[in-house]
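**Student:** Below are the sequence and a predicted model for it; my questions follow.
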Amino acid sequence: MSFASPSRERYRDWDAVILGVPHDGGTTYQPGARLAPYHVRRTSALIEPWHLAHGLDVFAAVRAADGGNVVFPPFDRGAMREAVQAEIVAIAAAGAAPFVVGGDHSVALPTLRALAKVHGPVAVVHVDAHLDTSTADTWGDDFHHGTPMRHAIAEHLIAPGQLHQIGLRGSWGSASAGDLAARHGGLRMTADDVDERGPASCGAAIRAAVGDRPVYVSFDIDAIDPAFAPGTGTPVPGGLTARDALMLLRGLAGCRLVGMDLVEVAPALDHADMTCHLAAHLLFEGLALRAMRP
């Protein structure tokens, strides 16, 4: 299936565009993330514009729009990647930053492909319990939600030395599972490291490492401990707290943010909208970063 290239004119008046990608065809455990764009939007209604920590009115400082959902056949993963990449290219070429609400983490690959077309290789701040550098050997599929960082490295979408992974924890398939990301280079901070160093210090270290490069934040909600974010298909105990996550993103203040995704929220597994509310606030933190340097 082929998709016509969206017109950048649709986005030329905006600094940031929120875009839903209702897709969870790449999940390997419990699906449901395709429902997140609706529920994260619904809970975001409680967010007001003044950012207390940064001391600014986010929506006065950044022109933000809801671009709706990307449209594609729901069970065609290749079509999803093609459609998402085309839409993100249009957004980035118009000078706006995409804020992608997944969907599972496989939606990050077409987003990164699009951003690299416009900005060149980017620095990636990857907040996740998992490495996401798996191969097809794991599940017999090369594009499941555990593979996007491997593809991004192989396709040179990430600047050398600029894959910064935060929140890693849990078990690995082997001692060598992290070798690919380690060879590419960048900061690696486990959930224990964040606890010991403090999230603000970790954020500041990443901010210093990315310098003035274009930055993409890829935030998997399973980086958060299930006590604070139960609504995800691949929960791992021992994660970041909700406050850790907010302070980590605030530590990136001043970076040149060109895009963000928030993925793997599964509303059917949530309790009292806890995960959806946190997801909406994390996106607000990303918008605040964009507002500080549009």
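**Tutor:** Happy to help now that I have it. Small disclaimer: the values here were computed from a predicted structure and weren't measured.

**Student:** Count residues in the vicinity of Y11, would you?
**Tutor:** As a burial measure, Y11 scores 23 neighbours (other CB atoms under 10 Å). Using the backbone N, CA and C atoms, a C-beta is placed for each residue, glycine as well.

**Student:** For the helix or strand harbouring V217, list every residue counted as buried.
**Tutor:** Using DSSP states H and E, V217 falls within strand 214-220. Buried residues in strand 214-220, counted by 16 or more other CB atoms under 10 Å: P214, V215, Y216, V217, S218, F219, D220.

**Student:** do the same with stretch 34-54
**Tutor:** Neighbour counts using 16+ other CB under 10 Å place R34, L35, A36, P37, H39, V40, R41, T43, S44, P49, H51, H54 of stretch 34-54 among the buried residues.

**Student:** Kindly report the same for stretch 257-269.
**Tutor:** L257, V258, G259, M260, D261, L262, V263, E264, V265, A266, P267, L269.

**Student:** and what of stretch 83-93?
**Tutor:** So stretch 83-93, judged by 16+ other CB under 10 Å, has buried residues A83, V84, Q85, A86, E87, I88, V89, A90, I91, A92, A93.

**Student:** Relative to the whole chain's centre, how far out is that stretch?
**Tutor:** Put simply, stretch 83-93 sits 16 Å off its chain's centre (CA atoms, centre = their mean, to the nearest Å).

**Student:** Let me see the mean pLDDT of it.
**Tutor:** Per-residue pLDDT over stretch 83-93 has a mean of 97.

**Student:** ok, and what's touching it?
**Tutor:** 3-8, 10-11, 17, 19, 21, 67, 70-72, 97-98, 100, 107, 110-111, 113-115, 117-119, 258-259 (CB atoms under 8 Å, 6 or more residues apart in numbering).

**Student:** With only the CA atoms kept, save that stretch in CSV.
**Tutor:** Taking Å, rounded to 0.1, in the frame of the first residue of the first chain, the C-alpha atoms of stretch 83-93 are listed here in CSV:
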residue,chain,number,x,y,z
ALA,A,83,2.2,6.3,6.9
VAL,A,84,3.9,7.4,10.1
GLN,A,85,7.1,8.3,8.3
ALA,A,86,5.3,10.3,5.7
GLU,A,87,3.4,12.3,8.3
ILE,A,88,6.4,13.0,10.5
VAL,A,89,8.5,14.1,7.5
ALA,A,90,5.7,16.7,6.7
ILE,A,91,5.6,17.9,10.3
ALA,A,92,9.4,18.2,10.7
ALA,A,93,9.9,19.8,7.3
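
**Student:** From here on, call the first residue 4.
**Tutor:** Fine by me, first position is 4 from now on; the one you just mentioned is stretch 86-96.

**Student:** Make CSV out of the buried residues of stretch 37-57 and add secondary structure and distance to D131.
**Tutor:** Below are the buried residues of stretch 37-57 laid out as CSV (DSSP: H, G, I helix; E, B strand; the rest coil; distance: CB to CB, whole Å):
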residue, secondary structure, distance to D131
R37, helix, 19
L38, helix, 20
A39, helix, 16
P40, helix, 19
H42, helix, 21
V43, helix, 18
R44, helix, 23
T46, helix, 22
S47, helix, 22
P52, coil, 29
H54, strand, 25
H57, coil, 25
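
**Student:** Identify, from the residues you listed, the entry nearest to A139.
**Tutor:** R37 (22.5 Å; CB to CB).

**Student:** you'd agree that closest one is up against G23?
**Tutor:** No - here R37 lies out of contact with G23, judged by CB atoms under 8 Å, at a distance of 9.5 Å.

**Student:** who touches both of the two?
**Tutor:** G106.

**Student:** Okay, G81 and L38: tell me how far apart.
**Tutor:** 22 Å (CB to CB, to the nearest Å).

**Student:** The nearest residue to S47 once chain neighbours are set aside: neighbour count?
**Tutor:** Leaving out its chain neighbours, the residue that sits closest to S47 by CB to CB, 6 or more residues apart in numbering is A283, at 3.9 Å. Neighbour count for A283, taken as other CB under 10 Å: 22.
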